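[1] Please work out how this folds:
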Amino acid sequence: MIADEVRKEGFEIFKKGLVRRLSSNHFIAKTASAVGWQIVEIKQGKWICDCGTGDEWCVHLYAAYLHRTTSKIQPEPLDESHLKCRYCGSPDIARCGFRYNARGIARRYRCNDCQRKFSIPHVQTNPGTRPSELVWLLNEIGMLTSKLTDLLAEVNDRMELASDLTENPPSDGSSLVGSESDKP
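    Predicted coordinates for the structure are as follows:
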């Protein structure tokens, strides 16, 4: 059984993109607080990590396991006869190539009414989701959470800078806002 703390830390490593696949059985994973990378490999069906924790499941193993699981997700067959533009809802769409991204290849479509292009999500979620779709969804939530955390940290830094500037104006006599004498 995998401990909750190992799951949380492993998911954080996975969510931050600190896992790389070297071959079908070899991965490298980096702990958020560590400097080096740990080698994770699958030998005779058993996951092995060189971090030296001695635990059956360490954070590196769990992160590599999540990475391997999400990379195996295959797209479901798509019925294009009922496909509509995601922006205007028009059924008048045409294929226009592919998008190549981290999750593989996605089909691109172009709406003939609004002229916008869109991709079909790699995995369609439905009420009877399978475990692989759940892992993919958790990956997407993790990426959104990571981006929101970074954005909130940036906003917080800017607000602190603005409050520092209003509380302690520059001492050289200049102001943040131009005065009437500065205008031409």
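[2] middle-most residue in the chain, spatially?
    Nearest to the geometric centre of the chain sits Met143, at 2.8 Å (CA atoms, centre = their mean).
[3] The nearest residue to that one once chain neighbours are set aside: neighbouring residues, count only.
    Setting aside the residues directly before and after it, Met143 is nearest to Lys15 in space (CB to CB, 6 or more residues apart in numbering), at 6.5 Å. Just so you know, the C-beta spots here come from the backbone N, C-alpha and C atoms, and that holds for glycine as well. When neighbours are counted by other CB atoms under 10 Å, Lys15 registers 21.
[4] from what I can see Lys15 touches Leu144, true?
    No: applying CB atoms under 8 Å, one finds Lys15 not in contact with Leu144, separated by 9.6 Å.
[5] follow-up on the earlier one: the residue nearest to the centre of the chain is in what secondary structure piece?
    Element membership of Met143, judged by DSSP states H and E, is helix 131-167.
[6] Tell me which other helices or strands that helix touches.
    The helices and strands touching helix 131-167, judged by 3 or more CB pairs under 8 Å, 6 or more residues apart in numbering; DSSP states H and E, are helix 4-15, helix 59-71.
[7] Could you chop the chain up by domain?
    4-71, 80-119 (automatic domain parsing).
[8] Could you give the separation of the last one from the chain centroid?
    Translated: domain 80-119. How far domain 80-119 lies from its chain's middle: 22 Å, per CA atoms, centre = their mean, to the nearest Å.
[9] What of the longest one?
    For domain 4-71, the separation from the chain centroid amounts to 17 Å (computed by CA atoms, centre = their mean).
[10] model confidence over it, on average?
    Over the span of domain 4-71, the pLDDT mean works out to 81.
[11] before we move on, what about the shortest one?
    The average pLDDT within domain 80-119 is 85.
[12] hang on, the earlier thing: which stretch among the domains of the chain comes nearest Asn168?
    With distances scored as CB to CB, the stretch of these nearest to Asn168 is domain 4-71 (33.7 Å).
[13] And that closest one, end to end?
    Criterion CA to CA, to the nearest Å; first-to-last residue distance in domain 4-71 is 23 Å.
[14] quick one on the thing from earlier: for the helices and strands packed on helix 131-167, which one sits closest to Leu83?
    Each of those was scored for nearness to Leu83 using CB to CB, and the closest is helix 59-71 (25.0 Å).
[15] residues of the next helix or strand after the closest one that come out buried?
    Toward the C-terminus, helix 59-71 is succeeded by strand 93-101 as the next helix or strand (DSSP H and E). For strand 93-101, the buried set under the neighbour-count rule, 16 or more other CB atoms under 10 Å, comprises Ile93.
[16] helices or strands next to strand 93-101 in the packing?
    Packed against strand 93-101, as judged by 3+ CB pairs under 8 Å, 6+ apart, are the following elements: strand 104-111.
[17] And the strand it packs on, what does it pack against?
    Applying 3+ CB pairs under 8 Å, 6+ apart, one finds that strand 104-111 contacts strand 93-101, strand 117-119.
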